[in-house]
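S.K.: Fold the following, please.
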Amino acid sequence: MIDRVVPPVYRGAMALAAGAAALAGALPAAPDAWRRAAERLGRLAPAARAAAARGPVLWLHAASVGELRAVRPLLEALRARRPGRVVLVTTLTRTGLALARELPEVDVATLLPLDARGPVCALLDGLVLEAFCFTETEIWPMVLAEVAAREVAAFMVSGRLSMRTETRARWLRPLYGRALADVVCCMQTADDAARAVALGADPARVHVAGSLKFEVVPTEAPESVRALGTRLDGRPVVVAGSTHAGEEVVVLDAYARLLTRHRDLVLVLAPRHPERLAGVASAVRGRGLPVVSYRLLTSGNSALPAGGAVVLLDVMGPLAHCYALGVAAFVGGSLVPVGGHNVLEPARVGRAVLVGPYTGNTEDAVSRIIAAGGGWRVRSADDLVAAVLPLLDDREVGREVGRRARDAIAPGEGALARHLTVIEARLGPLAARAATA
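M.R.: Predicted structure coming up:
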């Protein structure tokens, strides 16, 4: 089975990578990248292994924080409908892993094993796996081959395959086609579904189910966000979320110019990757702008200066709620060729949405928002100033644009119910009762 699904060249390359990672884990002087790879050998701590062996396992893989948040309603629904199951979550990043370990519906969380037979089997051997769900574009051939060999149902949930991904993956079609042959694909859009079929998925197993990001259940703002709102004391705010290298310079250029018209304007700036915080803070100071730590400000250990200030979001989690404090939100990963991040968070709280030209990851939602007049594309600091200034000059204009953004995404709801229909058609809605009878 494995030999048929995973070509020898791929198997060999990944086995070598796993061997090198295992060796690096035993060498204190190994490069950091290899030591991080050594954490992906499928080894669970004894307590986690015991927890995973308590019952049938529902395994969900999400690349990082955004994907995990999006799929959380599905996790909650599956756990409620299939009691007695153990929920195992894997991610590719440490930030995603930290979030997974905080979620009450997750029993065991670890990093995804390297896509080689040894690490994958190290994780799965001894577990009674009932289903494997993976999000968006996380197609790992050896993982899927091992799941299929164990006769376990596999589902791509909230599946997304951009035109760029399809083009890049064409030369890997034999590999992807074999990996997807037995997978039930719940795709976000009809275009995603067509691309899945083009990569080799069985058309009979491909469904258009929508994006689970539309189904994120709003939660109460954490105390730190409420504290920030109090300290802002009615001052106008612009939020720039999930920014990447090359984007902060554009945002800061626009912010400095907006300050000449609105001298008490505050910028909440949230870099996508925590390791960049120190560099971004230095860049802000280099422009002569005061920078304040969100963590220190909201804990009462720092003050918000009069006039303009940049609040640097240096904790994980509150960005989605911080969008509600602003008159507009720039969503990063879109001025640089990353593909864009979650535009639903600011739209859901009724804020104008600004994105750059690179939005392949969220094109459906972005197209809806822009078509409805709930936001604009920007390509420069000039564009950002032109978009934000009218919203600051007339708050009623900002509220109207935000309302349009919120209304634009409302028709996308219902993805959770569609996913559950597809999954239960494969697993059977009464499986929970049978297994626990």
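S.K.: other SSEs contacting the helix or strand containing A227?
M.R.: A227 belongs to helix 223-232 when elements are defined using DSSP states H and E. Packing contacts for helix 223-232, counted by 3 or more CB pairs under 8 Å, 6 or more residues apart in numbering; DSSP states H and E, involve helix 294-298, helix 319-322. Every residue, glycine included, has its C-beta placed from N, CA and C.
S.K.: Mind checking those for the one nearest to E424?
M.R.: Smallest distance to E424 across the helices and strands packed on helix 223-232 (CB to CB): 29.2 Å, for helix 319-322.
S.K.: Next secondary structure element downstream of the closest one?
M.R.: Per DSSP H and E, helix 319-322 leads on to strand 328-331 as the next helix or strand towards the C-terminus.
S.K.: so what strands line up beside that following strand?
M.R.: If you go by DSSP bridges, strand 328-331 pairs up with strand 237-243 (parallel), strand 352-355 (parallel).
S.K.: Make TSV from those and add distance to V310, mean pLDDT and mean neighbour count to it.
M.R.: Converted to TSV, these look like this (distance: least, CB to CB, whole Å; pLDDT from 0 to 100; neighbours: other CB atoms under 10 Å):
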stretch	distance to V310	mean pLDDT	mean neighbour count
strand 237-243	9	98	25
strand 352-355	17	98	28
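S.K.: Turn those strands into TSV, including distance to F134.
M.R.: Compiled in TSV, the strands paired with strand 328-331 are given as follows (distance: least, CB to CB, whole Å):
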stretch	distance to F134
strand 237-243	22
strand 352-355	26
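S.K.: among the ones you listed, which is nearest D382?
M.R.: Distances from D382 to each of these were compared using CB to CB; the minimum, 12.8 Å, belongs to strand 352-355.
S.K.: Report all helices and strands that the following helix or strand past that closest one contacts.
M.R.: Towards the C-terminus, the helix or strand next in line after strand 352-355, according to DSSP H and E, is helix 363-371. Counting contacts by 3+ CB pairs under 8 Å, 6+ apart, helix 363-371 packs against helix 344-348, strand 352-355, strand 375-377, helix 395-409.
S.K.: Quick check, central residue of this protein?
M.R.: By CA atoms, centre = their mean, the chain has its centre lying nearest to G66, at 2.0 Å.
S.K.: before we move on, what SS does that one have?
M.R.: Taken by DSSP: H, G, I helix; E, B strand; the rest coil, the conformation at G66 corresponds to helix.
S.K.: now the helices and strands packed on helix 363-371 as JSON lines including distance to A154?
M.R.: Formatted as JSON lines, the entries for those read as follows, by distance: least, CB to CB, whole Å:
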{"stretch": "helix 344-348", "distance to A154": "26"}
{"stretch": "strand 352-355", "distance to A154": "33"}
{"stretch": "strand 375-377", "distance to A154": "36"}
{"stretch": "helix 395-409", "distance to A154": "29"}
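S.K.: A256 is nearest to which of those?
M.R.: Proximity to A256, assessed across the helices and strands packed on helix 363-371 by CB to CB, is greatest for strand 352-355 (16.8 Å).
S.K.: residues making contact with that closest one?
M.R.: Residues outside strand 352-355 that contact it (CB atoms under 8 Å, 6 or more residues apart in numbering) are 327-331, 334, 340, 343, 346-347, 362, 366, 369, 374-378, 384, 387-388, 391, 398, 401-402, 405.
S.K.: Can you show me the CA trace of it as CSV?
M.R.: Presented in CSV, the C-alpha positions along strand 352-355 are these (Å, rounded to 0.1, in the frame of the first residue of the first chain):
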residue,chain,number,x,y,z
ALA,A,352,-13.2,48.6,7.1
VAL,A,353,-10.8,46.1,5.6
LEU,A,354,-7.6,47.1,3.8
VAL,A,355,-5.5,44.5,1.9
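S.K.: How many residues are close by R79?
M.R.: Applying the criterion other CB atoms under 10 Å, we find 18 residues in the vicinity of R79.
S.K.: Find me the pLDDT at the residue nearest to L68 when sequence neighbours are not counted, would you?
M.R.: Taking CB to CB, 6 or more residues apart in numbering as the measure, L68 lies nearest to A62, with 4.1 Å between them; neighbours along the chain are not counted. On the pLDDT scale, A62 is placed at 95.
S.K.: again, but for M1
M.R.: Value for M1, per-residue pLDDT: 56.
S.K.: got it, and A13?
M.R.: Among the per-residue scores, A13 holds a pLDDT of 84.
S.K.: In the helix or strand it falls within, which residues are buried?
M.R.: Under the criterion of DSSP H and E, A13 resides in helix 8-25. Going by neighbour count (16 or more other CB atoms under 10 Å), the buried part of helix 8-25 is Y10, R11, M14, A15, A17, A18, A21, A22, A24, G25.
S.K.: need the contact list for the first one.
M.R.: The contact partners of Y10, by CB under 8 Å, 6+ apart, come to P141, M142, L175.
S.K.: re the thing from before, so the residue nearest to L68 versus L111, what's the distance?
M.R.: For A62, the distance to L111 equals 12 Å [CB to CB, to the nearest Å].
S.K.: Now for those two: what residues contact both?
M.R.: Shared between the contact lists of A62 and L111 (criterion: CB under 8 Å, 6+ apart) are residues T90, T91.
S.K.: For these two, work out which one has more neighbours and name it.
M.R.: A62 (29 against 22).
S.K.: Perfect, I'm done here.
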